[in-house]
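Undergrad: build the 3D model from these lines:
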Amino acid sequence: MLFALAAQIAAAPMRRPKTAPPAPPPFARLLGVTLRAAGDGRRVGAITVRPEFCAEDGALQGGAAMALADAVAAVGGATVQSSVSFAARPRPGERLTAQATPAKIGPVLSIWETRITGADGALIALVSQTKLSTEA
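TA: Got it, this is the predicted structure:
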């Protein structure tokens, strides 16, 4: 059954989500995430690292980075799977930008890739998420 679902998803035509982003979800607003559309189905969001987002060593805690990625790609639907690879450890005061791009928008599931970068454009993290599709 899982293989049949995967085949259905792979065969489905690619759909592009609407370009206007919704207001940030409540949790994202609590964190101070700002969202905007970037065209071609992409979404962009940003956040400034605050001390309360950091681990004991003073670097950004991984959950805060995932919260940013999830808020930016949230328009894709409810998250059913996420993975992240970290390349750097930002500190308080740094401005992070996340750009979410739909890799596949299917009738049931969508796959989003989010790139989080620092103000200088340096890679902070790469996030891959599978979501229940909500976009038509």
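
Undergrad: in whichever helix in the chain runs longest, what counts as buried?
TA: Longest helix in the chain by number of residues (criterion: DSSP state H): helix 62-73. Buried residues in helix 62-73, counting neighbours by 16 or more other Cβ atoms under 10 Å, are found at 64-73. Glycine gets a C-beta too; all of them are placed from N, C-alpha and C.

Undergrad: tell me the buried residues in whichever helix or strand comes after it?
TA: Using DSSP states H and E, the helix or strand that directly follows helix 62-73 along the chain is strand 79-86. Using 16+ other Cβ under 10 Å as the test for burial, strand 79-86 gives 79, 82, 84, 86.

Undergrad: thought the last one was touching Gly62?
TA: By that I understand Phe86. Yes - counting by Cβ atoms under 8 Å, Phe86 does reach Gly62; the two are 6.8 Å apart.

Undergrad: show me what contacts the residue nearest the centre of the chain?
TA: The centroid of the chain falls nearest to Ala69 when counting by Cα atoms, centre = their mean (2.8 Å). With contacts defined as Cβ atoms under 8 Å, 6 or more residues apart in numbering, the neighbours of Ala69 are 82, 84, 98, 100, 114, 116, 125, 127, 129.

Undergrad: switch the residues you listed over to TSV; also include secondary structure.
TA: Below are those laid out as TSV (DSSP: H, G, I helix; E, B strand; the rest coil):
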residue	secondary structure
Ser82	strand
Val84	strand
Ala98	strand
Ala100	strand
Thr114	strand
Ile116	strand
Ala125	strand
Val127	strand
Gln129	strand
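
Undergrad: and Gln99, what element?
TA: Going by DSSP H and E, Gln99 is part of strand 95-105.

Undergrad: export that strand to CSV, keeping only CA atoms.
TA: Extracted in CSV, the C-alpha atoms of strand 95-105 (Å, rounded to 0.1, in the frame of the first residue of the first chain):
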residue,chain,number,x,y,z
ARG,A,95,19.4,37.8,11.5
LEU,A,96,18.5,34.5,9.9
THR,A,97,16.6,34.2,6.6
ALA,A,98,14.8,31.0,5.6
GLN,A,99,13.7,30.3,2.0
ALA,A,100,11.3,27.4,1.5
THR,A,101,10.9,25.9,-2.0
PRO,A,102,8.4,23.3,-2.9
ALA,A,103,10.2,20.3,-4.4
LYS,A,104,6.9,18.5,-5.2
ILE,A,105,3.3,19.4,-4.5
